[in-house]
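Peer 1: okay, predicted coordinates and the sequence, questions at the end:
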Amino acid sequence: EAGVAQSPRYKIIEKRQSVAFWCNPISGHATLYWYQQILGQGPKLLIQFQNNGVVDDSQLPKDRFSAERLKGVDSTLKIQPAKLEDSAVYLCASSLTGLGGYTFGSGTRLTVV
Amino acid sequence: SQKIEQNSEALNIQEGKTATLTCNYTNYSPAYLQWYRQDPGRGPVFLLLIRENEKEKRKERLKVTFDTTLKQSLFHITASQPADSATYLCALDPWGGSQGNLIFGKGTKLSVKP
């Protein structure tokens, strides 16, 4: 079984620029999550999708972050404009039902300078 | 306020000993709790899930306990090996099983010395 694919692996941008991350979950997994992990911290949920609908985006900074999951499969997370404090690893995860263990991708390490 | 705490940032033990990691939470009533392993530069890997009505769960050398009265989970690795060195994250569902997302602790970095 293929894992959760994320790209790019690394990204360095200047503050106020925009950036987009892509995620392809495990085939058949209805639930998809984006988490932000700042160095030394645990992952923090940004948004949860069930198929192509949003279940929870209460911690997504909506003035600068947006996410979509078209056709209930791939997802993109965008930041526009980026701030220095957005430097983190952005993890995508998927789950068959949302009530069991997650499968995480390797993440995208974002550095904002 | 709601908190999930892993009481040690780092734990160093000798190979062959049992490692015990602690996860405490306040002001949550989770339906289940999960443990993950994270290696540097990688995403977390799911290890075990334990439900609120289960006292203990085992998988090979791993054992998890869940005490909803103490609001605590203990994660044990028996006969530890240097390959067990990693950061271990505890996570719980903040919605009592209704929504299916997780809140993570900061993690405990385990180092097993040969």
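Peer 2: Yes, it's here.
Peer 1: what's the neighbour count on the nearest residue to A:K44 once chain neighbours are set aside?
Peer 2: Distance criterion C-beta to C-beta, 6 or more residues apart in numbering or on different chains; nearest residue to A:K44, sequence neighbours excluded, is A:Q36 at 5.1 Å. Just so you know, the C-beta spots here come from the backbone N, C-alpha and C atoms, and that holds for glycine as well. Using other C-beta atoms under 10 Å in any protein chain shown, A:Q36 is surrounded by 21 other residues.
Peer 1: for A:Q36, what are phi and psi?
Peer 2: phi -110, psi 130 (degrees, to the nearest 10).
Peer 1: wait, doesn't it sit right on A:L46?
Peer 2: Yes. Judged on C-beta atoms under 8 Å, A:Q36 makes contact with A:L46 at a distance of 5.5 Å.
Peer 1: circling back to that earlier point, report the separation between the residue nearest to A:K44 and B:G107.
Peer 2: From A:Q36 over to B:G107 the distance is 15 Å, taken as C-beta to C-beta, to the nearest Å.
Peer 1: which bits of chain A sit near chain B?
Peer 2: With the criterion set to C-beta under 8 Å from any C-beta of the partner chain, chain A comes near chain B through A:4, A:31, A:33, A:35, A:40-45, A:48, A:50, A:55-56, A:91, A:93, A:95, A:97-107.
Peer 1: mark which of those residues are part of strands, please.
Peer 2: Counting by DSSP state E, the part of the residues of chain A next to chain B found in strands is A:31, A:33, A:35, A:44-45, A:48, A:50, A:55-56, A:91, A:93, A:95, A:103-104.
Peer 1: go through those and single out the one with the most neighbours.
Peer 2: For these, the largest neighbour count, defined by other C-beta under 10 Å, is 29 neighbours, found at A:A93.
Peer 1: that one bridge partners, please.
Peer 2: With DSSP bridges applied, A:A93 shows beta-bridge pairing to A:Y33, A:F104.
Peer 1: next up, the contacts around residue 80.
Peer 2: Went with chain A since none was named. A:S18, A:V19, A:R64, A:S66 (C-beta atoms under 8 Å, 6 or more residues apart in numbering or on different chains).
Peer 1: chain B is the one I meant
Peer 2: B:I13, B:E15, B:G16, B:K17, B:T18, B:A19, B:R61, B:L110, B:V112.
Peer 1: rewinding a little: quick one: which two of the ones in strands among the residues of chain A next to chain B are the most distant?
Peer 2: Across these, the longest distance by C-beta to C-beta is 19.4 Å; it joins A:K44 and A:Q50.
Peer 1: and the helix or strand harbouring B:R37, how far out from the chain middle?
Peer 2: For B:R37, the host element (DSSP states H and E) is strand B:32-38. Between the centre of strand B:32-38 and the centre of its chain there are 5 Å (C-alpha atoms, centre = their mean, to the nearest Å).
Peer 1: next secondary structure after that strand?
Peer 2: Going down the chain from strand B:32-38, the next helix or strand is strand B:45-51, by DSSP H and E.
Peer 1: which helices and strands sit right next to that following strand?
Peer 2: strand B:32-38, strand B:56-59, strand B:62-67 (3 or more C-beta pairs under 8 Å, 6 or more residues apart in numbering or on different chains; DSSP states H and E).
Peer 1: parallel or antiparallel, list what pairs with the lowest-mean-pLDDT helix or strand in chain B.
Peer 2: Ranking every helix and strand in chain B by mean pLDDT, DSSP states H and E puts strand B:3-6 at the bottom, with a mean of 91. Strands that pair with strand B:3-6, judged by DSSP bridges, come out as strand B:19-26 (antiparallel).
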